[in-house]
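Participant: Quick one: sequence and predicted model below, then my questions.
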Amino acid sequence: MKDAAIHVENVSASYRKNTVLEGVTFQVQPGSLTGIVGPNGAGKSTLLKTMLCLHPALTGSVTFFNQPFKKIKKRIGYVPQRGSVDWDFPTNALDVVTMGLYGQIGWLKRPSKEHKQRAWEALKKMGMEEFANRQISQLSGGQQQRVFLARALVQDADIYFMDEPLAGVDAATEQAIMTILKELKMKGKTVMVVHHDLQTVTDYFDHVLFLNGKVIAHGNTNHVFTKENLAKTYGGSIQWVKEGSQHVVHSIE
């Protein structure tokens, strides 16, 4: 489809000769907020890294607005898993956010006052402006996640990828992050989020991608978030329980 924001075609990838992704194919339309769900080891993080050329693909292709990643990378924002970041690196919150502008500034140039102001405004949007000069190692997990989201926001990208941004954060941070993600969607941005909490999928995402090595189902959440697709994706590791008028999903991994 020509107007797709993301087109993944027959992508396969492996780690140490173990196939992690096999023949993954899907398209994502602009202005959508997609949750990527699946069991541990399903290849969710690998999918993001492969799409962003951070991990080699064995087969297949990925395009963004019909362009390869290298030609469009300035229009793409990425928030990695918090556990993959060296939080002991000696820098403060404002500098971390400013790093999101280096694609525009250039790595060898100093950020201007305007760049610093944009970074501070992104911190403010995440409720973190009072921590601008705080070392990132001194921030809580939720605060660190807000800073990393601010770094992605300051890029003003068209497509955002986020790897478990809600993992291990407090309820207030979770709601703050989801408010921002829904605002991005309303602005026509395309957002894909690796997500672990099946309970909140229908509230948080308008589209969902079920992944377990390959795509099990993908589409509008109202249509594809079903007991059948959950069973295909998770096998016997989930329970579908009716509580009042709602169906509640319990993961028993």
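Facilitator: Great, that's in hand. Everything quoted here is computed from the prediction, not taken from an experiment.
Participant: Can you name every helix or strand that the helix or strand containing Gln175 contacts?
Facilitator: According to DSSP states H and E, Gln175 maps onto helix 171-186. Judged by 3 or more CB pairs under 8 Å, 6 or more residues apart in numbering; DSSP states H and E, the packing partners of helix 171-186 are strand 33-37, helix 141-153, strand 159-163, strand 190-194. In short, each C-beta sits where N, CA and C put it, glycine included.
Participant: quick one: buried residues of the longest one?
Facilitator: This means helix 141-153. In terms of neighbour count (16 or more other CB atoms under 10 Å), helix 141-153 has its buried residues at 142-153.
Participant: How about stretch 174-182?
Facilitator: In stretch 174-182, counting by 16+ other CB under 10 Å, buried: 174, 176-178, 180-181.
Participant: likewise stretch 18-37?
Facilitator: Buried residues in stretch 18-37, counting neighbours by 16+ other CB under 10 Å, are found at 20-22, 24, 26, 28, 31-37.
Participant: out of these, which one sits closest to Lys73?
Facilitator: If you rank the buried residues of stretch 18-37 by distance to Lys73 using CB to CB, Val28 comes first, at 17.0 Å.
Participant: From what I see, the closest one and Ile6 are in contact.
Facilitator: Yes - using CB atoms under 8 Å, Val28 is in contact with Ile6, at 4.0 Å.
Participant: residues contacting Thr233?
Facilitator: 37-39, 42, 210-212, 216-217 (CB atoms under 8 Å, 6 or more residues apart in numbering).
Participant: Who is the residue nearest in space to the middle of the chain paired with across the strands?
Facilitator: For the chain, the residue lying nearest the average C-alpha position, counting by CA atoms, centre = their mean, turns out to be Met162 (1.5 Å). Legend: beta-bridge partners of Met162 under DSSP bridges are Val79, Val193.
Participant: could the buried residues of helix 141-153 be laid out in a markdown table, adding distance to Ser12 and pLDDT?
Facilitator: As requested, these are exported to a markdown table (distance: CB to CB, whole Å; pLDDT from 0 to 100):
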| residue | distance to Ser12 | pLDDT |
| --- | --- | --- |
| Gly142 | 36 | 86 |
| Gln143 | 38 | 89 |
| Gln144 | 33 | 88 |
| Gln145 | 31 | 87 |
| Arg146 | 35 | 89 |
| Val147 | 34 | 90 |
| Phe148 | 29 | 88 |
| Leu149 | 30 | 89 |
| Ala150 | 34 | 91 |
| Arg151 | 31 | 89 |
| Ala152 | 28 | 87 |
| Leu153 | 32 | 88 |
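Participant: who touches both of Val28 and Ile6?
Facilitator: Common neighbours of Val28 and Ile6 (CB under 8 Å, 6+ apart) are 190, 192.
Participant: before we move on, the earlier item: list the contacts for the residue nearest to the centre of the chain?
Facilitator: 78-79, 149, 152, 181, 191-194.
Participant: So for Leu209, what's the pLDDT?
Facilitator: Looking at Leu209, its pLDDT stands at 98.
Participant: er, Met1 I mean
Facilitator: Note on Met1: pLDDT of 48.
Participant: ok, now Ser245?
Facilitator: At Ser245, pLDDT is 39.
Participant: for Leu166, same thing?
Facilitator: 91.
Participant: Give the closest residue to it in space, chain neighbours not counted.
Facilitator: Once flanking residues are discounted, Leu166 sits nearest to Glu174: 5.1 Å by CB to CB, 6 or more residues apart in numbering.
Participant: Likewise for Ala172?
Facilitator: Per CB to CB, 6+ apart, closest to Ala172 is Gly142, 7.6 Å.
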